[in-house]
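Trainee: here is my input; please provide its structure:
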Amino acid sequence: MTFNVLLTDYAWPSLKIEREVLEAAGGHLIVAESDADSDLAELATTADAILTNWRRVPVEVLDMASRCLVVSRYGIGVDNIPVARATELGILVTNVPDFCLDEVSDHAMALILACARRLVTFNALTRKGSWNLDAAAGMSRLRGQTLGLIGFGNVARAVVPKARAFGLDVLAYSPRLEPGRREGLETTNDLQQVLAASDYVSLHAPANAETIGLIGAPELAAMKPGAYLINTSRGALIDEEALARVVREGRIAGAALDVLAHEPAPADHPLLGLDGVIITPHVAFYSEAAIRDVESRAASNVADVLRGRLPTAIVNPEVAERPNFRFARAYADR
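Mentor: Alright, predicted model coming up:
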């Protein structure tokens, strides 16, 4: 039996890994060629599964995908998938929850170190022929400073030992964390505590209804004047106009961002070219090994479903309790 697997988008040169994994399970890959949602919806009518990377999967596409058993995300976050609607329709949603943990946690630390040691500033000055210590005035020792983690999922947890190795004290926030302290890590469910105490505030939360705009003008005002804001998570967590304003006015030391609310950033973006702000092009996730891994794992989630096996990384496990759970219906009839 052959199953149609709709691929909405991808960011690597070859689909060899996906094709091998899916074909072994009877899957036939159909790659969306158009950016139009209407074309994606038409392709979805014959899809038994959907693989998606960054492209938004509209509700209308899921509504048209009457045969679809699973939507599999290349990566951790599922903010481009209408998970609630998928659940209503009885569709599994899967992800790769440990994708690029090393890469993103390394990148977060690299941004912290770049801020702490003013690497971008020093590089620019030496290229212009300035070879002196003027730009180092006021620079603090990293050891003994505090790193505040906003969100405490897999990536944030991977940052902890790396930060501790540099002598940072770590304070982690999540609304569901119990306050406590152990081995150089303090946890709290008080966001204001983290903002007020941290020399570096690093964001590691998904973008959802609870977190979009999480760091706005009031939160930025609560940060230390010498603090830096680090973001390797989702651009939508930050009010970027407010951030540009506080950096420009010197109310925080700066920011280092791998993500923005809209990418690529327009030329007139308020944070581009602003002294004290480092921006990298949403590259924290990347390594050749990470890409190979996420291709294989996301495709394997689909292959499991096509073989009649529940995948391990299910985002919406509550879907299994619904009377219209498509996976159960499909394999009850076979």
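
Trainee: could you say what helices and strands the helix ranked longest in the chain packs with?
Mentor: Ranked by residue count under DSSP state H, the longest helix found in the chain is helix 288-306. Contacts defined by 3 or more Cβ pairs under 8 Å, 6 or more residues apart in numbering; DSSP states H and E place helix 288-306 against strand 3-7, helix 16-23, strand 27-31, strand 49-52, strand 70-73, strand 92-94. C-beta: built from backbone N, CA, C; applies to glycine.

Trainee: repeat the analysis, applying 6 Å as the threshold.
Mentor: helix 16-23, strand 70-73 (3 or more Cβ pairs under 6 Å, 6 or more residues apart in numbering; DSSP states H and E).

Trainee: and it, average pLDDT?
Mentor: For helix 288-306, mean pLDDT rounds to 98.

Trainee: about what we covered before: highest average neighbour count across the helices and strands packed on helix 288-306?
Mentor: strand 70-73 (a mean of 28; mean count of other Cβ atoms under 10 Å).

Trainee: neighbouring contacts of that one?
Mentor: 49-52, 81, 86, 92-95, 298, 301-302, 305 (Cβ atoms under 6 Å, 6 or more residues apart in numbering).

Trainee: one step back: Throw the helices and strands packed on helix 288-306 into a markdown table and include distance to Arg143, thanks.
Mentor: Output for the helices and strands packed on helix 288-306, formatted as a markdown table (distance: least, Cβ to Cβ, whole Å):
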| stretch | distance to Arg143 |
| --- | --- |
| helix 16-23 | 42 |
| strand 70-73 | 38 |
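
Trainee: isn't Ala65 right up against Thr46?
Mentor: No - counting by Cβ atoms under 6 Å, Ala65 does not reach Thr46; the two are 8.8 Å apart.

Trainee: ok so, going back, will you turn the helices and strands packed on helix 288-306 into a markdown table that also has distance to Asp199 and mean pLDDT?
Mentor: Putting these into a markdown table (distance: least, Cβ to Cβ, whole Å; pLDDT from 0 to 100) gives the following:
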| stretch | distance to Asp199 | mean pLDDT |
| --- | --- | --- |
| helix 16-23 | 41 | 98 |
| strand 70-73 | 34 | 98 |
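
Trainee: of all these, which lies closest to Leu113?
Mentor: strand 70-73 (30.3 Å; Cβ to Cβ).

Trainee: coming back round to it: out of the helices and strands packed on helix 288-306, nearest to Ile252?
Mentor: strand 70-73 (33.2 Å).

Trainee: partners of that closest one in the sheet?
Mentor: Its sheet considered, strand 70-73 pairs with strand 49-52 (parallel), strand 92-94 (parallel) by DSSP bridges.

Trainee: show me where the protein has strands.
Mentor: Listed in chain order, the strands of the chain (DSSP state E) span 3-7, 27-31, 49-52, 70-73, 92-94, 146-150, 169-173, 180-182, 185-188, 200-203, 228-231, 254-257, 277-279.

Trainee: how about those strands, which one is nearest Ala328?
Mentor: Of all the strands of the chain, strand 92-94 comes closest under Cβ to Cβ, at 10.3 Å.

Trainee: since we're on Glu288, how many residues are nearby?
Mentor: 8 (other Cβ atoms under 10 Å).

Trainee: from the contact counts, what lies against the helix or strand bottoming out on mean pLDDT in the chain?
Mentor: Every helix and strand of the chain was ranked by mean pLDDT, DSSP states H and E. The lowest is strand 180-182, at a mean of 89. On a contact count with 3+ Cβ pairs under 6 Å, 6+ apart, strand 180-182 meets no helix or strand.

Trainee: the same query, at a cut-off of 10 Å, please.
Mentor: Judged by 3 or more Cβ pairs under 10 Å, 6 or more residues apart in numbering; DSSP states H and E, strand 180-182 is in contact with strand 185-188.
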